[in-house]
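Undergrad: Task: produce atomic coordinates for the following.
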Amino acid sequence: MLCDKCKKNEARVYYTEIINGEKTEQHLCEECATEYTSFQMGTPIMNQELTLGSLLSTILGNYGGTAQGKGSVEKELHCDNCGMTYSEFMKIGRFGCERCYEKFQAMLDNSIKSIQGADTHTGKKPKNFETNTEKLVKELSEIDKLTIQLQDAVEKEEFEEAVRLRDRIRELKKEEIGNA
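TA: Below is the predicted model:
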């Protein structure tokens, strides 16, 4: 497959960007990926073995930085338990101990928000997924569904809708009696 930008080189980078819920996919060569994205091809990730730690370090490196202490001298944040600094984490791609997560959480949250747009995972539903409630609603008769909608309309004081639903329920009940 050729690069979507230059249409000359083979696409080796598959870049997906989601901004405000809008998904854009691009197939790029290494040169165009470096030029058009925040993905840096010259980073150690392309020159060394690809590991989850190196990938995480590279991604967070594009969005994060070091913490600054109070005053004019920059002081790097470090874990009180193992002594690891944030820049060491960025080089290695993994923390030194379980307390590093707590110590660097604010910096990680900011990076994750920058990358993902949020710091909580909302997940995806598999194709044709139905909740138990949706399954139960499907099994209800038309009259039962309308009755639930009628109760909801009355609670919301939408009386015109409630009258319409009541009349429809009466029609369906008459049809049932006529068919019996």
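Undergrad: From now on I want contacts and neighbour counts done on CA atoms only, so please keep to that.
TA: Fine.
Undergrad: What distance do you get for residue 142 to residue 94?
TA: Distance of residue 142 to residue 94, given as C-alpha to C-alpha, to the nearest Å: 56 Å.
Undergrad: Which of the two has more residues huddled nearby?
TA: Each of residue 142 and residue 94 has its neighbours counted (other C-alpha atoms under 10 Å); residue 94 has more, 16 against 12.
Undergrad: So that one: helix, strand or coil?
TA: Classification of residue 94 by DSSP: H, G, I helix; E, B strand; the rest coil places it in coil.
Undergrad: Please report the distance of it from residue 78.
TA: Distance, residue 94 to residue 78, using C-alpha to C-alpha: 14 Å.
Undergrad: Out of the helices and strands in the chain, which is least certain?
TA: helix 44-47 (a mean of 46; mean pLDDT, DSSP states H and E).
Undergrad: Could you give the separation of stretch 124-134 from the chain centroid?
TA: 18 Å (C-alpha atoms, centre = their mean, to the nearest Å).
Undergrad: gap between the helix or strand containing residue 107 and the chain center?
TA: If you go by DSSP states H and E, residue 107 is part of helix 105-116. Distance, stretch centre to chain centre, for helix 105-116: 12 Å (C-alpha atoms, centre = their mean).
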